[in-house]
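> coordinates for the following, if possible.
(one chain, ligands or ions: 1)
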Amino acid sequence: MQKLNKIYEGKAKIIYQTDQPDLVIQYFKDDATAFDATKRGTINSKGICNNKISAEIFKVLEKNNIPTHFVKLLDERSMLVKRVEIVPIEVTMRNITAGGISKLLGIDEGIILDNPVLEYHYKNDSLHDPLFNEYHIYALKLATARELEAIKDLSFKINTVLIDFFGKRDLDLVDFKLEFGRYKNKIVLADEISPDTCRFWEKGTKKKLDKDRFRRDLGDVEGAYQEVLKRVLSGK
Ligand code: 5GP
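Below you'll find the model as predicted:
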């Protein structure tokens, strides 16, 4: 597999073309940003951890009949993925209140939700990824009703699989963000699933093992990412 031109560089990842038109390389950087990139930093080895964690999770999801863009791990910081057209919607799934929902609704963090809460955010940095609903999505023609149905259905299924997967590793899956893409007329899970895009609280201690350690200056950010990787690979 030949790594060719850079197609896109985001805050945490770079996408490279390959010699196959349907496949691209997703490269994970150590760069970290928060609060619309007003806070910037580097988390040592974050790219390595997120690449390995995401790969493992994509494999688990594929085993559970969730289509993803993942093809295979290439090296410590890179995975081969299907070249998708990203749907500019960020889906947030919440099981326990934290972050955005606590701020939006003025409620404490740490409340266990009776049912998962699904939110759509418009993936648009200059507008700060605003919360919106399916009527806005149709008005902007971001997805068809069939596509959105698939996105919603997959998001709830992914939540069920991941609550179980992380629960067995003594981690509560508080919330997470998903992005989907179109690949050969089908909706597939894209982007990454990692401590950058999920909140993980250690069961019992409620210790935060995710990007909130960076966002909130809680210290030992690198240790948290390593700990999640260790548990993900523990094969429980
Ligand atoms: P919140 O809306 O509470 O800030 O985020 C909810 C969850 O989605 C958190 O786990 C957070 O990490 C993830 N999330 C939401 N938006 C983004 C984003 O733009 N980038 C990343 N990396 N994660 C996000």
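> describe which strands the longest strand seen in the chain pairs with in its sheet and in which direction.
Counting by DSSP state E, the longest strand found in the chain is strand 112-122. Strand partners for strand 112-122, identified by DSSP bridges, are recorded as strand 89-96 (antiparallel), strand 131-132 (antiparallel).
> quick one: closest of those strands to the ligand.
The ligand lies closest to strand 89-96 among the strands paired with strand 112-122, at 4.8 Å (Cβ to the nearest ligand atom). Just so you know, the C-beta spots here come from the backbone N, C-alpha and C atoms, and that holds for glycine as well.
> sorry, back to before: wait, does the longest strand of the chain make contact with the ligand?
No: applying Cβ under 6 Å from any ligand atom, one finds strand 112-122 separated from the ligand by no less than 6.6 Å.
> list of residues touching that strand?
88-97, 100-101, 129-134, 136-137, 140, 142, 152, 155-156, 159 (Cβ atoms under 8 Å, 6 or more residues apart in numbering).
> that older thread, who wins for proximity to Cys198 among the strands paired with strand 112-122?
When the strands paired with strand 112-122 are compared by Cβ to Cβ, strand 89-96 sits nearest Cys198, at 9.5 Å.
> and the helix or strand that comes right after that closest one, average pLDDT?
Remark: after strand 89-96, the chain's next helix or strand is helix 99-105, criterion DSSP states H and E. Confidence for helix 99-105, expressed as mean pLDDT, is 98.
> one more: stretch 110-124?
Rounded mean pLDDT across stretch 110-124 is 98.
> in that stretch, which residues are buried?
Across stretch 110-124, burial judged by 16 or more other Cβ atoms under 10 Å covers Pro116, Glu119, Tyr120, His121, Tyr122, Lys123.
> nearest to Thr42 among the residues you listed?
Thr42 has its nearest neighbour among these in Lys123, at 24.1 Å by Cβ to Cβ.
> the helix or strand where Val161 lies versus strand 89-96: what angle between them?
If you go by DSSP H and E, Val161 is part of helix 145-167. Put simply, helix 145-167 runs at 40 degrees to strand 89-96, going by axes from the mean of the first three to the mean of the last three Cα atoms, to 10 degrees.
> quick one: is helix 145-167 near the ligand?
No: Helix 145-167 is not in contact with the ligand by Cβ under 6 Å from any ligand atom; minimum separation 11.7 Å.
> distance check, Pro195 against Asn124.
Separation of Pro195 from Asn124 (Cβ to Cβ, to the nearest Å): 24 Å.
> swap that for Glu134, sorry
Computed as Cβ to Cβ, the Glu134 to Asn124 distance reads 17 Å.
> alpha carbons of stretch 30-41, as CSV, please.
Presented in CSV, the C-alpha positions along stretch 30-41 are these (Å, rounded to 0.1, in the frame of the first residue of the first chain):
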residue,chain,number,x,y,z
ASP,A,30,-0.4,13.8,19.1
ASP,A,31,-1.9,17.3,18.7
ALA,A,32,-4.8,18.1,21.1
THR,A,33,-7.3,20.9,20.9
ALA,A,34,-10.3,21.9,22.9
PHE,A,35,-12.9,24.6,23.1
ASP,A,36,-13.0,25.3,19.3
ALA,A,37,-9.2,25.0,19.2
THR,A,38,-8.7,28.0,21.5
LYS,A,39,-6.8,25.5,23.8
ARG,A,40,-4.0,23.7,22.1
GLY,A,41,-1.4,21.2,23.2
